[in-house]
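> have a look at this prediction, sequence included:
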Amino acid sequence: MGAPEHRVTALSDTIVVTGGAGFIGCNFVRSALAHGAPRVIVLDLLTYAGSRENLRELDSDPRLVFVHGDIADAPLVARLLREHRPRAVVNFAAESHVDRSIDGPAPFLLTNVMGTFQLLEAARAFLAEAGGAASDRFRFLHVSTDEVYGSLGRDGAFSEQTPYAPNSPYSASKAAADHLVRAWHHTYGLPVLVTNCSNNYGPHQFPEKLIPLMLLNALDGEPLPIYGDGGHVRDWLHVEDHCEGIWLVLERGRLGEKYNIGGDNERTNLELVDLLCEHLEALRPARDNAALRAKGRTRYTDLKSFVADRPGHDRRYAIDAGKIRRELGWAPHHDLASGLRHTVEWYLSHTDWCQAIERERYQRQRLGLRDEKGS
(Lines give C-alpha, C1' and ligand atoms only; values in the text may rest on other atoms or scores of the structure.)
Protein backbone atom coordinates (compact mmCIF):
# COMPACT_ATOMS: atom_id res chain seq x y z
CA MET A 1 0.00 0.00 0.00
CA GLY A 2 1.17 3.53 -0.72
CA ALA A 3 1.59 6.18 1.90
CA PRO A 4 -1.54 8.11 2.95
CA GLU A 5 -2.24 11.14 0.81
CA HIS A 6 -1.74 13.42 3.79
CA ARG A 7 1.69 12.03 4.67
CA VAL A 8 4.17 14.83 5.37
CA THR A 9 7.37 14.52 3.37
CA ALA A 10 9.41 17.37 4.86
CA LEU A 11 9.08 20.05 7.48
CA SER A 12 8.85 23.73 6.63
CA ASP A 13 10.58 26.55 8.53
CA THR A 14 7.24 27.57 10.03
CA ILE A 15 6.84 27.93 13.80
CA VAL A 16 3.48 27.49 15.53
CA VAL A 17 3.14 29.71 18.60
CA THR A 18 0.19 28.88 20.84
CA GLY A 19 -0.95 31.72 23.08
CA GLY A 20 0.88 34.10 20.75
CA ALA A 21 -1.58 36.94 21.41
CA GLY A 22 -0.73 37.02 25.11
CA PHE A 23 1.96 39.09 26.81
CA ILE A 24 5.00 36.83 26.54
CA GLY A 25 3.72 35.07 23.44
CA CYS A 26 3.32 38.24 21.39
CA ASN A 27 6.81 39.35 22.36
CA PHE A 28 8.17 35.96 21.29
CA VAL A 29 6.38 36.31 17.94
CA ARG A 30 8.25 39.57 17.39
CA SER A 31 11.51 37.92 18.45
CA ALA A 32 10.99 34.98 16.09
CA LEU A 33 10.29 37.30 13.16
CA ALA A 34 13.35 39.38 14.06
CA HIS A 35 15.41 36.19 14.01
CA GLY A 36 14.24 35.53 10.45
CA ALA A 37 11.40 33.05 10.91
CA PRO A 38 9.75 32.95 7.46
CA ARG A 39 6.29 32.17 8.88
CA VAL A 40 4.75 32.20 12.34
CA ILE A 41 1.31 30.71 12.96
CA VAL A 42 -0.32 32.12 16.09
CA LEU A 43 -3.04 29.96 17.63
CA ASP A 44 -4.90 31.77 20.40
CA LEU A 45 -8.38 31.53 21.92
CA LEU A 46 -8.20 35.16 23.13
CA THR A 47 -9.29 34.42 26.69
CA TYR A 48 -8.42 36.62 29.68
CA ALA A 49 -5.19 38.40 28.67
CA GLY A 50 -4.91 37.38 25.01
CA SER A 51 -5.80 40.18 22.62
CA ARG A 52 -5.48 40.94 18.92
CA GLU A 53 -4.30 44.39 20.02
CA ASN A 54 -1.02 42.75 21.03
CA LEU A 55 -0.29 41.90 17.40
CA ARG A 56 -2.06 44.78 15.70
CA GLU A 57 1.01 46.39 14.13
CA LEU A 58 1.97 43.02 12.62
CA ASP A 59 -1.32 42.60 10.74
CA SER A 60 0.30 43.67 7.49
CA ASP A 61 3.27 41.29 7.86
CA PRO A 62 2.69 38.39 5.44
CA ARG A 63 4.84 36.13 7.60
CA LEU A 64 2.28 36.16 10.41
CA VAL A 65 -0.89 34.05 10.29
CA PHE A 66 -3.40 34.36 13.14
CA VAL A 67 -5.79 31.51 13.93
CA HIS A 68 -8.50 32.00 16.53
CA GLY A 69 -8.83 28.66 18.24
CA ASP A 70 -8.30 26.39 21.22
CA ILE A 71 -5.23 24.20 21.80
CA ALA A 72 -7.66 21.57 23.12
CA ASP A 73 -9.42 21.44 19.72
CA ALA A 74 -7.69 18.31 18.44
CA PRO A 75 -9.00 18.42 14.84
CA LEU A 76 -8.00 22.08 14.47
CA VAL A 77 -4.48 21.51 15.82
CA ALA A 78 -4.02 18.42 13.64
CA ARG A 79 -5.11 20.38 10.56
CA LEU A 80 -2.73 23.25 11.33
CA LEU A 81 0.22 20.90 11.78
CA ARG A 82 -0.56 18.96 8.60
CA GLU A 83 -1.17 22.10 6.56
CA HIS A 84 1.85 24.13 7.68
CA ARG A 85 4.36 21.31 8.47
CA PRO A 86 6.07 23.37 11.21
CA ARG A 87 9.54 22.66 12.50
CA ALA A 88 8.44 23.70 15.98
CA VAL A 89 5.50 24.23 18.31
CA VAL A 90 6.15 26.74 21.09
CA ASN A 91 3.45 26.49 23.74
CA PHE A 92 2.64 29.67 25.66
CA ALA A 93 -1.11 28.99 25.82
CA ALA A 94 -2.27 28.94 29.43
CA GLU A 95 -4.68 30.33 31.93
CA SER A 96 -2.21 32.28 34.02
CA HIS A 97 -3.61 34.22 36.94
CA VAL A 98 -3.24 32.93 40.50
CA ASP A 99 -6.20 34.79 42.01
CA ARG A 100 -8.51 33.61 39.24
CA SER A 101 -7.30 30.04 39.72
CA ILE A 102 -8.19 30.24 43.42
CA ASP A 103 -11.66 31.48 42.52
CA GLY A 104 -12.27 28.87 39.81
CA PRO A 105 -9.63 26.23 39.05
CA ALA A 106 -11.56 24.31 36.37
CA PRO A 107 -10.48 26.44 33.34
CA PHE A 108 -6.86 26.09 34.46
CA LEU A 109 -7.09 22.32 34.43
CA LEU A 110 -8.86 22.30 31.08
CA THR A 111 -6.39 24.57 29.29
CA ASN A 112 -3.11 24.03 31.09
CA VAL A 113 -3.41 20.27 31.57
CA MET A 114 -5.83 18.90 28.99
CA GLY A 115 -4.86 21.52 26.41
CA THR A 116 -1.19 20.60 26.75
CA PHE A 117 -2.12 16.92 26.52
CA GLN A 118 -3.99 17.53 23.26
CA LEU A 119 -1.05 19.47 21.84
CA LEU A 120 1.37 16.69 22.74
CA GLU A 121 -0.85 14.07 21.16
CA ALA A 122 -1.28 16.16 18.01
CA ALA A 123 2.49 16.62 17.73
CA ARG A 124 3.05 12.89 18.25
CA ALA A 125 0.54 11.98 15.53
CA PHE A 126 2.02 14.59 13.19
CA LEU A 127 5.53 13.17 13.56
CA ALA A 128 4.23 9.63 13.07
CA GLU A 129 2.78 10.74 9.74
CA ALA A 130 5.89 12.69 8.82
CA GLY A 131 8.29 9.80 9.29
CA GLY A 132 11.49 9.35 11.28
CA ALA A 133 13.56 12.09 9.67
CA ALA A 134 11.10 14.77 10.76
CA SER A 135 11.69 13.96 14.44
CA ASP A 136 15.34 14.91 14.08
CA ARG A 137 14.33 18.48 13.23
CA PHE A 138 11.03 19.02 15.02
CA ARG A 139 10.85 20.63 18.47
CA PHE A 140 8.03 20.95 21.00
CA LEU A 141 8.97 23.73 23.42
CA HIS A 142 6.77 24.15 26.48
CA VAL A 143 6.98 27.47 28.34
CA SER A 144 6.41 27.21 32.09
CA THR A 145 6.93 29.19 35.28
CA ASP A 146 9.05 29.23 38.43
CA GLU A 147 5.84 28.95 40.46
CA VAL A 148 5.87 25.17 39.95
CA TYR A 149 8.76 25.01 42.45
CA GLY A 150 6.76 26.51 45.32
CA SER A 151 8.10 29.10 47.75
CA LEU A 152 11.67 29.81 48.88
CA GLY A 153 12.96 30.90 52.25
CA ARG A 154 15.38 33.79 52.62
CA ASP A 155 18.23 32.01 50.83
CA GLY A 156 18.79 29.86 47.76
CA ALA A 157 17.33 29.78 44.25
CA PHE A 158 15.35 27.39 42.08
CA SER A 159 17.50 25.17 39.89
CA GLU A 160 16.42 22.65 37.28
CA GLN A 161 16.79 19.96 39.96
CA THR A 162 14.52 21.66 42.51
CA PRO A 163 11.58 19.38 43.39
CA TYR A 164 8.17 20.61 42.33
CA ALA A 165 5.95 21.93 45.15
CA PRO A 166 3.17 24.04 43.58
CA ASN A 167 0.99 25.96 46.04
CA SER A 168 -1.89 27.34 43.93
CA PRO A 169 -4.29 25.76 41.44
CA TYR A 170 -2.52 27.74 38.70
CA SER A 171 0.97 26.51 39.59
CA ALA A 172 -0.33 22.96 40.11
CA SER A 173 -1.83 22.96 36.63
CA LYS A 174 1.44 24.22 35.13
CA ALA A 175 3.40 21.59 37.07
CA ALA A 176 1.10 18.89 35.70
CA ALA A 177 1.69 20.17 32.16
CA ASP A 178 5.47 20.13 32.70
CA HIS A 179 5.28 16.51 33.84
CA LEU A 180 3.20 15.55 30.81
CA VAL A 181 5.75 17.10 28.46
CA ARG A 182 8.59 15.22 30.18
CA ALA A 183 6.64 11.96 30.07
CA TRP A 184 5.87 12.28 26.35
CA HIS A 185 9.59 12.60 25.71
CA HIS A 186 10.62 9.63 27.83
CA THR A 187 7.71 7.39 26.81
CA TYR A 188 7.14 8.29 23.17
CA GLY A 189 10.39 9.96 22.18
CA LEU A 190 8.74 13.28 21.39
CA PRO A 191 11.52 15.89 20.93
CA VAL A 192 10.63 18.30 23.73
CA LEU A 193 12.18 21.20 25.62
CA VAL A 194 10.88 22.98 28.75
CA THR A 195 11.67 26.46 30.04
CA ASN A 196 10.75 27.85 33.48
CA CYS A 197 10.92 31.61 33.91
CA SER A 198 10.77 34.16 36.69
CA ASN A 199 8.37 37.14 36.74
CA ASN A 200 8.28 38.88 33.39
CA TYR A 201 7.73 42.58 32.74
CA GLY A 202 7.81 44.80 29.67
CA PRO A 203 5.65 45.93 26.73
CA HIS A 204 2.14 44.54 26.16
CA GLN A 205 1.66 43.17 29.67
CA PHE A 206 -1.99 42.87 30.65
CA PRO A 207 -2.91 45.85 32.86
CA GLU A 208 -4.01 43.68 35.79
CA LYS A 209 -0.39 42.68 36.46
CA LEU A 210 1.64 44.55 39.06
CA ILE A 211 3.84 46.81 36.94
CA PRO A 212 1.33 48.08 34.35
CA LEU A 213 -1.39 48.40 37.00
CA MET A 214 0.85 50.57 39.18
CA LEU A 215 1.87 52.73 36.22
CA LEU A 216 -1.64 53.32 34.93
CA ASN A 217 -3.11 53.93 38.38
CA ALA A 218 -0.31 56.36 39.26
CA LEU A 219 -0.91 58.35 36.09
CA ASP A 220 -4.61 58.62 36.99
CA GLY A 221 -3.93 59.47 40.64
CA GLU A 222 -5.52 56.20 41.78
CA PRO A 223 -4.35 54.00 44.70
CA LEU A 224 -1.40 51.66 44.17
CA PRO A 225 -2.66 48.41 45.78
CA ILE A 226 0.07 46.23 47.29
CA TYR A 227 -0.68 42.73 48.59
CA GLY A 228 -0.16 42.08 52.29
CA ASP A 229 2.90 43.81 53.74
CA GLY A 230 4.58 44.25 50.34
CA GLY A 231 7.44 41.98 51.41
CA HIS A 232 6.91 39.23 48.83
CA VAL A 233 10.07 38.84 46.75
CA ARG A 234 10.15 38.19 43.01
CA ASP A 235 12.98 37.83 40.49
CA TRP A 236 12.20 40.23 37.63
CA LEU A 237 13.02 39.36 34.01
CA HIS A 238 12.47 41.65 31.03
CA VAL A 239 10.25 39.89 28.51
CA GLU A 240 12.66 40.56 25.63
CA ASP A 241 15.45 38.79 27.52
CA HIS A 242 13.09 35.91 28.27
CA CYS A 243 12.14 35.58 24.60
CA GLU A 244 15.79 35.60 23.56
CA GLY A 245 16.39 32.76 26.02
CA ILE A 246 13.46 30.77 24.62
CA TRP A 247 14.81 31.23 21.10
CA LEU A 248 18.23 29.93 22.14
CA VAL A 249 16.66 26.90 23.81
CA LEU A 250 14.57 26.25 20.70
CA GLU A 251 17.60 26.44 18.41
CA ARG A 252 20.30 24.85 20.56
CA GLY A 253 18.79 23.28 23.67
CA ARG A 254 19.36 19.61 24.46
CA LEU A 255 16.30 17.46 23.84
CA GLY A 256 14.40 16.38 26.91
CA GLU A 257 16.05 19.08 29.03
CA LYS A 258 14.61 22.00 30.95
CA TYR A 259 16.17 25.43 31.28
CA ASN A 260 15.47 28.03 33.97
CA ILE A 261 15.45 31.63 32.75
CA GLY A 262 15.69 34.36 35.39
CA GLY A 263 16.74 37.98 35.58
CA ASP A 264 18.76 37.86 38.82
CA ASN A 265 16.81 40.95 39.90
CA GLU A 266 15.18 40.18 43.24
CA ARG A 267 13.02 42.91 44.76
CA THR A 268 10.15 43.00 47.21
CA ASN A 269 6.88 44.20 45.72
CA LEU A 270 7.18 47.35 47.82
CA GLU A 271 10.69 48.05 46.52
CA LEU A 272 9.52 47.53 42.96
CA VAL A 273 6.64 49.97 43.34
CA ASP A 274 9.03 52.58 44.75
CA LEU A 275 11.37 52.07 41.75
CA LEU A 276 8.47 52.48 39.35
CA CYS A 277 7.45 55.70 41.05
CA GLU A 278 11.02 57.00 40.69
CA HIS A 279 11.08 56.29 36.95
CA LEU A 280 7.63 57.78 36.51
CA GLU A 281 8.70 60.90 38.39
CA ALA A 282 11.68 61.29 36.03
CA LEU A 283 9.61 60.82 32.88
CA ARG A 284 6.24 62.34 33.92
CA PRO A 285 6.87 64.52 37.02
CA ALA A 286 4.14 64.50 39.64
CA ARG A 287 3.99 68.30 39.59
CA ASP A 288 2.79 68.11 35.96
CA ASN A 289 0.14 65.46 36.64
CA ALA A 290 -3.25 67.15 36.95
CA ALA A 291 -4.97 63.92 38.04
CA LEU A 292 -2.53 63.58 40.93
CA ARG A 293 -2.98 67.20 42.00
CA ALA A 294 -6.74 66.79 41.89
CA LYS A 295 -6.43 64.04 44.50
CA GLY A 296 -4.39 66.33 46.74
CA ARG A 297 -1.18 64.31 46.28
CA THR A 298 2.24 65.70 45.41
CA ARG A 299 4.18 62.44 44.97
CA TYR A 300 3.38 59.16 43.23
CA THR A 301 4.50 57.23 46.33
CA ASP A 302 1.68 58.93 48.27
CA LEU A 303 -0.70 56.65 46.36
CA LYS A 304 0.64 53.39 47.87
CA SER A 305 -1.96 51.34 49.73
CA PHE A 306 -2.00 47.86 51.21
CA VAL A 307 -4.76 45.36 50.42
CA ALA A 308 -5.67 41.89 51.69
CA ASP A 309 -3.14 39.27 50.70
CA ARG A 310 -4.07 36.31 48.52
CA PRO A 311 -4.47 32.90 50.25
CA GLY A 312 -1.22 30.91 50.34
CA HIS A 313 0.78 33.69 48.69
CA ASP A 314 4.31 32.37 48.01
CA ARG A 315 6.81 34.54 49.85
CA ARG A 316 9.84 34.41 47.59
CA TYR A 317 10.91 33.19 44.15
CA ALA A 318 14.43 33.28 42.72
CA ILE A 319 15.84 31.57 39.64
CA ASP A 320 19.29 30.07 39.16
CA ALA A 321 19.86 30.60 35.41
CA GLY A 322 23.35 29.13 35.44
CA LYS A 323 22.52 26.26 33.11
CA ILE A 324 21.26 28.38 30.21
CA ARG A 325 24.17 30.77 30.70
CA ARG A 326 26.75 27.96 30.60
CA GLU A 327 25.27 25.80 27.88
CA LEU A 328 23.73 28.33 25.51
CA GLY A 329 25.58 31.56 26.31
CA TRP A 330 22.40 33.42 27.29
CA ALA A 331 22.64 36.63 29.28
CA PRO A 332 20.03 39.35 29.85
CA HIS A 333 20.50 42.65 28.05
CA HIS A 334 18.38 44.62 30.54
CA ASP A 335 19.27 45.26 34.13
CA LEU A 336 16.29 46.20 36.29
CA ALA A 337 16.92 49.95 36.11
CA SER A 338 17.15 50.09 32.31
CA GLY A 339 14.39 47.53 31.86
CA LEU A 340 11.94 49.40 34.08
CA ARG A 341 12.73 52.71 32.38
CA HIS A 342 12.16 51.09 28.98
CA THR A 343 8.86 49.67 30.24
CA VAL A 344 7.63 52.99 31.66
CA GLU A 345 8.56 54.75 28.40
CA TRP A 346 6.63 52.12 26.42
CA TYR A 347 3.44 52.54 28.45
CA LEU A 348 3.65 56.33 28.35
CA SER A 349 3.94 56.23 24.56
CA HIS A 350 1.26 53.55 24.03
CA THR A 351 -1.75 54.96 25.84
CA ASP A 352 -3.85 53.93 22.82
CA TRP A 353 -3.00 50.27 23.49
CA CYS A 354 -3.86 50.62 27.17
CA GLN A 355 -7.19 52.26 26.36
CA ALA A 356 -8.03 49.58 23.80
CA ILE A 357 -7.33 46.78 26.29
CA GLU A 358 -9.40 48.47 28.99
CA ARG A 359 -12.31 49.02 26.60
CA GLU A 360 -12.11 45.41 25.53
CA ARG A 361 -12.21 43.59 28.85
CA TYR A 362 -10.60 45.14 31.90
CA GLN A 363 -11.11 48.27 34.03
CA ARG A 364 -8.30 47.66 36.56
CA GLN A 365 -10.46 45.80 39.07
CA ARG A 366 -8.88 43.03 41.14
CA LEU A 367 -9.58 39.78 39.33
CA GLY A 368 -10.55 36.59 41.15
CA LEU A 369 -11.12 36.18 44.89
CA ARG A 370 -14.87 36.40 45.30
CA ASP A 371 -14.63 38.25 48.60
CA GLU A 372 -13.02 41.17 46.73
CA LYS A 373 -16.08 41.30 44.45
CA GLY A 374 -18.61 41.18 47.26
CA SER A 375 -19.94 37.73 46.43
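Right, received. Where do you want to start?
> got a pLDDT number for the closest residue to residue 304 other than its chain neighbours?
Distances taken as CB to CB, 6 or more residues apart in numbering put residue 224 closest to residue 304, at 4.9 Å, once the chain neighbours are dropped. C-beta: built from backbone N, CA, C; applies to glycine. The confidence metric pLDDT takes the value 96 at residue 224.
> quick one, what contacts residue 224?
214, 217, 218, 273, 300, 303, 304, 305 (CB atoms under 8 Å, 6 or more residues apart in numbering).
> buried set for the longest helix seen in the chain?
Of all the segments of type helix in the chain, defined by DSSP state H, the longest one is helix 169-188. By 16 or more other CB atoms under 10 Å, the buried positions in helix 169-188 come out as 169-178, 180-182, 184-185.
> ok, stretch 133-151 next?
134-135, 138-151.
> start to end distance for that stretch?
End-to-end distance for stretch 133-151, by CA to CA, to the nearest Å: 42 Å.
> quick one: it to chain centroid distance?
Stretch 133-151 has its C-alpha centroid displaced from the chain centroid by 13 Å (CA atoms, centre = their mean, to the nearest Å).
> just stretch 31-47 next, same as before
So, by CA atoms, centre = their mean, the centroid of stretch 31-47 is 14 Å from its chain's centroid.
> what's the span of it, first residue to last?
From its first residue to its last, stretch 31-47 covers 23 Å (CA to CA).
> so which bits of stretch 99-118 are buried?
For stretch 99-118, burial by neighbour count (16+ other CB under 10 Å) applies to 99-103, 105, 108-109, 111-118.
> ok, now stretch 79-97?
Buried residues in stretch 79-97, counting neighbours by 16+ other CB under 10 Å, are found at 80-82, 84-97.
> please apply the same query to stretch 250-268.
Using 16+ other CB under 10 Å as the test for burial, stretch 250-268 gives 250, 253, 257-268.
> isn't residue 343 up against residue 211?
Yes: Residue 343 is within contact range of residue 211, at 6.4 Å (criterion: CB atoms under 8 Å).
> hey, what's in contact with both of these two?
Residues touching both residue 343 and residue 211 by CB under 8 Å, 6+ apart: residue 201.
> is residue 305 part of a helix or strand, or is it coil?
The three-state assignment at residue 305 reads strand, by DSSP: H, G, I helix; E, B strand; the rest coil.
> partner strands of the helix or strand where residue 196 lies and their direction?
Element membership for residue 196 (DSSP states H and E) is strand 192-197. Strand pairing for strand 192-197, determined by DSSP bridges: strand 139-145 (parallel), strand 258-261 (parallel).
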